[in-house]
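Engineer: With the input below, show me the fold.
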Amino acid sequence: MKNDYIVCVCGDASRAAYLIKGEKNVLFDAGMAYSADKMIKNIKLELGDRPLDAVLLSHSHYDHISGVPFLRKEWPDLVVYGSAYAKKILEKPSAKKTMRELSDAAAQGAGLTKAPDYRDEDLVVDKVVKEGDILDFGDHKITVFETPGHTKCSLSYMVDHDVIFASETVGVTTSEVYMPCYLVGYQMSLDAVEKLRHAGAKRIFITHVGILTPEDAGTALLPGLKKEEFSADRVWDYLEAGLERTKDEIVEIIRKYPTEEEQLKIMLATYHKGVKQEEQPDFAFLLNAAATLKVIRRECMNDADPER
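Structural biologist: Numbering: from 1, shown residues only. As a prediction, the model looks like this:
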């Protein structure tokens, strides 16, 4: 099936900015600061003199939102949509400081000194959206789903019952391994997969990967699945199985290695292999991995100690 109205316009290898073309032009996530200039060039190649009208934020992490200030500079009438919690996060000076630090680390991974500067006041959510909202962009109607699990603010979006842009809550299928991404809730993540499965979209977009197709079956992205067996339902099965398998793996890591330092070292080697530093610096992954360990201890090992 053709998907020429959805185009990857990322300025880097993280694949965290996709353009949805139509009467109104909408960007799903906004990529990283260090590659924003290339992203903007890619958008202009697709749109010509037409404007970018909106950005849909999946969540408030630096690699998905730090391109926003540069987009605003290019298209001042741009409207940024996100969750109420994302709006709250982006109002915190401490969160913005962390985003700058992570943006600089990613830029350094790409061989730059630091990420280009921007105005903090441009890194904001303009319109809050919630579960069940339908955004009318003319020839495209986009439905909003709250899918916490990766973060509290995670949202997914379905375009015309055709493509569902799944938040990172469902995990990331890399060329090396399924990467667990449940930083605030494991059961939340399982619930999100089921919610999105029942939405009934024909095609599935995975963050940092793109729209999965039958050609991905049997590859490192969807191992064990034959091309002739490919379907949206089978993809949801794979994502659900990835959540459950990595939960069991992380429980074993916690049991086998007594210190968090050792546990994080094993998680880095297991789930971050093949990921370039400009896509996600090691220390950004380790921040996420520490949160994942807490989730698994709390939900799956009856560890209620908030300090661990």
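
Engineer: Could you list the low-pLDDT ranges of the protein?
Structural biologist: 1-3, 174-176, 303-308 (pLDDT under 70).

Engineer: and if we set it to 80?
Structural biologist: 1-4, 13-14, 174-177, 220, 224, 274, 303-308 (pLDDT under 80).

Engineer: what's in contact with the biggest helix by length in it?
Structural biologist: If you go by DSSP state H, the chain has its longest helix at helix 232-256. Residues from elsewhere that reach helix 232-256 (CB atoms under 8 Å, 6 or more residues apart in numbering): 170-171, 173, 178, 180, 182, 186, 189-190, 193-194, 196-197, 201-204, 212, 222, 224-225, 263, 266-267, 270-271, 292-293, 296-297, 300-301. (C-beta placed from N, C-alpha, C; glycine too.)

Engineer: Whichever of the residues you listed end up buried, select them in PyMOL.
Structural biologist: Applying 16 or more other CB atoms under 10 Å to the contacts of helix 232-256, the buried members can be selected in PyMOL as follows:
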select buried, resi 170+171+173+178+180+182+186+189+190+193+196+197+201+203+204+212+222+225+263+266+267+270+271+292+293+296+297
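
Engineer: Quick one: the strands in the stretch 1-150 of the chain, in order.
Structural biologist: In the stretch 1-150 of the chain, strands defined by DSSP state E, counting those that start in this stretch lie at 6-8, 18-20, 26-28, 54-56, 79-82, 127-128, 134-136, 141-146, listed in chain order.

Engineer: Which of the contacts of helix 232-256 fall in strands?
Structural biologist: 173, 178, 203-204 (DSSP state E).

Engineer: can you name the two of the residues you listed that are farthest apart?
Structural biologist: Spatial extent of the ones in strands among the contacts of helix 232-256 (CB to CB) is set by the pair 178 and 203 at 19.2 Å.

Engineer: how about the helices in this structure?
Structural biologist: With DSSP H, the ranges of helices along the chain come out as 36-47, 62-65, 68-74, 84-89, 93-109, 186-199, 232-256, 260-271, 282-300.

Engineer: ok, now which ones touch residue 149?
Structural biologist: Here residue 149 is in contact with 167, 169, 181-186, 188-189, 191-192 (CB under 8 Å, 6+ apart).

Engineer: Can you tell me which of these are buried?
Structural biologist: Buried residues within those, counting neighbours by 16+ other CB under 10 Å: 167, 169, 181-186, 188-189, 192.

Engineer: any idea which of those is closest to residue 80?
Structural biologist: Distances from residue 80 to the buried ones among the contacts of residue 149, taken by CB to CB, are shortest for residue 167, at 16.2 Å.

Engineer: closest one to residue 130 among the helices of the chain?
Structural biologist: helix 84-89 (7.1 Å).

Engineer: helices or strands next to that closest one in the packing?
Structural biologist: Contacting helix 84-89 under the criterion 3 or more CB pairs under 8 Å, 6 or more residues apart in numbering; DSSP states H and E is no other helix or strand.

Engineer: Not counting that helix itself, show me its contacts.
Structural biologist: By CB under 8 Å, 6+ apart, the surrounding residues in contact with helix 84-89 are 57, 59-60, 95, 124-125, 128, 130, 151-153, 155.

Engineer: switch the cut-off to 10 Å
Structural biologist: 57-61, 64-65, 80-83, 95-96, 99, 124-130, 146, 148, 151-155 (CB atoms under 10 Å, 6 or more residues apart in numbering).

Engineer: which residues touch the closest residue to residue 147 other than its chain neighbours?
Structural biologist: Leaving aside its chain neighbours, residue 147 sits nearest to residue 192 (3.9 Å; criterion: CB to CB, 6 or more residues apart in numbering). Residues near residue 192 by CB under 10 Å, 6+ apart: 145-150, 154, 156, 166-167, 169-170, 182, 185, 239, 243.

Engineer: circling back to that earlier point, any chance of TSV for the strands of the stretch 1-150 of the chain, columns mean neighbour count?
Structural biologist: Formatted as TSV, these follow (neighbours: other CB atoms under 10 Å):
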stretch	mean neighbour count
strand 6-8	17
strand 18-20	22
strand 26-28	24
strand 54-56	24
strand 79-82	22
strand 127-128	13
strand 134-136	13
strand 141-146	20
